[in-house]
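# what shape does this take:
(one chain, ligands or ions: 1)
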Amino acid sequence: MNLEGKVALITGSTRGIGNSIARLFLSNKAKVVICGSKLENAIKAKEDIKRELNISGDDIYPVGLNMKDTSNVEDVVNSIINKFGRIDILINNAGITSNKSLLDTTDEEFMDIFKINFFGVVSLTREVVKHMKNTGGSIINTSSMVGTYGGRNQAAYAASKFAINGLTKSLAKELGIYNIRVNAVSPGVVETDMMDIVTPEMKENLVKMTPLNRMATPSDLAGIYLYLASDLSKFTTGAIIGVDGGLVM
Ligand SMILES: NC(=O)c1ccc[n+]([C@@H]2O[C@H](COP(=O)([O-])OP(=O)(O)OC[C@H]3O[C@@H](n4cnc5c(N)ncnc54)[C@H](OP(=O)(O)O)[C@@H]3O)[C@@H](O)[C@H]2O)c1
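You can find the predicted model right below:
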């Protein structure tokens, strides 16, 4: 799929799923904004990608945006517009999780998860839409299977992803008039740093429950983002698409 001429802003692309999406988009000729909580993380990710894909890096712009405190979000978006002139694709992928019971989770911890997984997404999306409404575009939010089914000891995380699903469907209804499509990808279990909170026994059980009989790698996820970003999905909006090896159905 050719994304030539398209500019993609991908949050959480210094590692994990977002990093795999960035690599696939670059291989499909997009210009990519690598975004992490700190600028130095994004610069390091850019250097690693340049070296490993053997590319010049001219099509990569690293930015730092802490989703917990988005007071600089307008400056960050303006710097991207100054660099590449447009934003066609926004992937709201940065996120954190937790594995704690309600009784062990403080209000502050609940709020931190919501700030990063939800309110940061709202702030960034608002700033991007100010520009994207002139050109149309594709917004893709990373949700989670627990954003539909809930998860034991994951109330804060699951609730933040339920909120993402509600935001996705509502913005799909609101922004269609600008030819902006809004969809979400709902991964099951993916082998990234985020899975460090899961014990080996839990991982084994999850694999047993998965018809495809393994955990996903980040590259198993990247293709659906490419599809949703491209014109091949030009009549798809408001969809929450599960990519979980059949774990939930
Ligand atoms: N892994 C799974 O099994 C799984 C399952 C379902 C859904 N998901 C969702 O998939 C998305 C990506 O997860 P992942 O597994 O790839 O996680 P990961 O490997 O832990 O990577 C997390 C990414 O989010 C960024 N991030 C974390 N806190 C941030 C903050 N305060 N501000 C800005 N960026 C921040 C990190 O950037 P820095 O490195 O720069 O801090 C990193 O690039 C998340 O939304 C997650 O909820 C994952």
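# could you use CA atoms for every contact and neighbour count after this?
OK.
# what are the phi and psi values at N41?
Its backbone dihedrals place N41 at phi -60, psi -40, with angles given as degrees, to the nearest 10.
# and the closest residue to it other than its chain neighbours, what does it touch?
In space, and not counting its chain neighbours, N41 is closest to T14: 6.3 Å by CA to CA, 6 or more residues apart in numbering. The neighbours of T14, taking CA atoms under 8 Å, 6 or more residues apart in numbering as the test, are 34-36, 41-42, 44-45.
# neighbour-wise, which of those leads?
Scoring the contacts of T14 on neighbours with other CA atoms under 10 Å, the highest-scoring entry is C35 at 32 neighbours.
# got phi/psi on that one?
When read as degrees, to the nearest 10, the backbone of C35 gives phi -130, psi 130.
# from I89, how far off is it?
In this view, C35 and I89 are 13 Å apart by CA to CA, to the nearest Å.
# tell me which parts of the protein are close to the ligand?
For the chain, the residues in contact with the ligand (CA under 6 Å from any ligand atom) are 12-18, 36-38, 41, 65-68, 93-96, 116, 142-144, 187-195.
# what subset of those is buried?
12-18, 36-37, 41, 65-68, 93-95, 116, 142-144, 187-190 (16 or more other CA atoms under 10 Å).
# now the end-to-end length of stretch 30-41.
Terminal residues of stretch 30-41 are spaced 21 Å apart (CA to CA).
# cool, stretch 82-90 as well?
By CA to CA, the extent of stretch 82-90 from end to end equals 16 Å.
# buried residues, it. List them.
Going by neighbour count (16+ other CA under 10 Å), the buried part of stretch 82-90 is 84, 86-90.
# what's the answer for stretch 214-222, then?
Quick answer for stretch 214-222 (16+ other CA under 10 Å): 214-216, 218-222.
# helices - which of those residues land there?
218-222 (DSSP state H).
# thinking again about what came up before, with secondary structure and pLDDT added, can I get the contacts of T14 in a markdown table?
Formatted as a markdown table, those follow (DSSP: H, G, I helix; E, B strand; the rest coil; pLDDT from 0 to 100):
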| residue | secondary structure | pLDDT |
| --- | --- | --- |
| I34 | strand | 98 |
| C35 | strand | 98 |
| G36 | strand | 98 |
| N41 | helix | 98 |
| A42 | helix | 98 |
| K44 | helix | 98 |
| A45 | helix | 98 |
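# let me see the contact set for the closest residue to M1 other than its chain neighbours.
Excluding the flanking residues, the one nearest M1 by CA to CA, 6+ apart is N28, at 6.3 Å. N28 makes contact with 1-4 under the criterion CA under 8 Å, 6+ apart.
# before we move on, what SS does the closest residue to I34 other than its chain neighbours have?
Of all residues not flanking I34 in the chain, P62 sits nearest, at 4.7 Å (CA to CA, 6+ apart). Three-state call for P62 (DSSP: H, G, I helix; E, B strand; the rest coil): strand.
# burial count for P62?
Neighbours of P62 under the rule other CA under 10 Å: 23.
# what sits against it?
Applying CA under 8 Å, 6+ apart to P62 gives the contacts 33-35, 39, 42-43, 46.
# could the residues you listed be laid out in TSV, adding distance to I164?
Formatted as TSV, those follow (distance: CA to CA, whole Å):
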residue	distance to I164
V33	22
I34	21
C35	19
L39	25
A42	24
I43	28
K46	28
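# centre of the chain to the edge, which residue is at the far end?
What lies farthest from the middle of the chain is L103; by CA atoms, centre = their mean that is 29.0 Å.
# tell me the phi and psi of it?
Backbone torsions for L103, taken as degrees, to the nearest 10, come to phi -70, psi -30.
# just give me the longest strand of the protein.
strand 180-187 (DSSP state E).
# before I go, just wanted to say thanks for your time.
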